[in-house]
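J.: Just to be clear, the model below is a prediction. Sequence and coordinates:
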Amino acid sequence: MGQNSFDFRRIAEGYKDRPFLHKQVIERFRREVTNQEFARGLDAGCGAGLSSRALKRICRHVTGADLSDEMVKAAREMCEDREGYDFIVSRAEEIPAVEGGYDIVSAAGAAPWIEMGAFLGNLRKIMCEEGYVLIYDFGISDRMKENGSYTEWWHEAYLKEFPRPFRNEHVWTAEDVRPYGFSMLGQEQYEMEYEFDKDSFVRFMMLQSNVNAKIEGEGRDAEEVKKWLEQSLAPVFHKEKETLLFTGYSWYIKREGADFG
């Protein structure tokens, strides 16, 4: 699935209700890198706006950019009652400059879908000197706390019914970013927890790339997929709510001065 796969209203609307774990990533950035407040932030690949809301916690103004018209519409709806946002439709590699430049750029879940060299080359032009770049993502794992039946469901049912589509999982290195005038400050991996009841978990799973590849990519009926999830997950939810483990990563990058290299 490419970036255009997310240009569907069903997915954009669903993304507004995804777990708001992004704020935990921003708090981690505060602890590990800097606790300063920024004037202007850019959220590249903003999706439905959750990552923009998280970035706003450390910025006075946030610009969200996404290739998908539907995602940008959803982001505007999510933030319409909040001040300090604007949203544009743009490829991550072509986001235009603003007066004064961006102090910090975040990209949540965007790394597999963007061309690294073109992205960093453009950021070099539109960012302030010594600005920060936060690349991060988090995804569901095959583990629920104290629930081995979920792990069995994941491997023996879900992945067989909905194989994982290809995605570029290259981990950017210091050597990758240096030619574009950036330094890698650090990289870390971590786990986060989130509670789901069965219905909310089914809604969440309907947005996974594995499932989207079958519905939007191959034309499988969405209601049929939903029923399959509901029936197959019935034995997994022993309690009203189960705690899912998410695995996440963050890459902390800094724009070097004008005389880099």
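T.: Looks like it arrived, so ask away.

J.: secondary structure class for V72?
T.: helix (DSSP: H, G, I helix; E, B strand; the rest coil).

J.: Relative to R18, how far out is it?
T.: Distance of V72 to R18, computed by Cβ to Cβ, to the nearest Å: 16 Å. Just so you know, the C-beta spots here come from the backbone N, C-alpha and C atoms, and that holds for glycine as well.

J.: Residues contacting stretch 247-261, please?
T.: Under the contact criterion Cβ atoms under 8 Å, 6 or more residues apart in numbering, stretch 247-261 has outside partners 21, 25, 28-29, 32-33, 123-124, 127-139, 141, 172, 177, 179, 181-192.

J.: Can you classify A54 by secondary structure?
T.: Using three-state DSSP, the structure places A54 in helix.

J.: Can you give me the neighbour number for it?
T.: For A54, the tally of surrounding residues (other Cβ atoms under 10 Å) stands at 25.

J.: picking up where we left off before, which of the contacts of stretch 247-261 fall in strands?
T.: 127-139, 141, 182-192 (DSSP state E).

J.: Please indicate which of these are buried?
T.: 127, 131-138, 182, 184 (16 or more other Cβ atoms under 10 Å).

J.: and of those, the nearest to P163?
T.: Distance to P163, by Cβ to Cβ, is smallest for D137 among those, at 19.9 Å.

J.: okay, that closest one: pLDDT?
T.: If you check D137, the pLDDT there is 97.

J.: okay, now the nearest residue to it once chain neighbours are set aside: neighbour count?
T.: Nearest non-adjacent residue to D137, counting by Cβ to Cβ, 6 or more residues apart in numbering: G109, 4.5 Å away. By other Cβ under 10 Å, the residues close to G109 number 17.

J.: Do I have it right that G109 meets D43?
T.: No. Shown here, G109 and D43 do not form a contact pair, counting by Cβ atoms under 8 Å, at 11.2 Å.

J.: so what's in contact with the two at the same time?
T.: Shared contacts of G109 and D43, counting by Cβ under 8 Å, 6+ apart, come down to S51.

J.: on that earlier part again, which residues sit in contact with the residue nearest to D137?
T.: Counting by Cβ under 8 Å, 6+ apart, G109 has contacts 45, 47, 51, 136-137.

J.: Quickly note the distance from V72 to E188.
T.: Distance, V72 to E188, by Cβ to Cβ: 30 Å.

J.: Can you list the low-confidence ranges for the stretch 151-261 of the chain?
T.: Under the criterion pLDDT under 70, the flagged ranges of the stretch 151-261 of the chain are 258-261.

J.: That one: helices as residue ranges?
T.: Using DSSP state H, counting those that start in this stretch, the helices of the stretch 151-261 of the chain run over residues 159-161, 174-177, 198-205, 209-212, 222-233.
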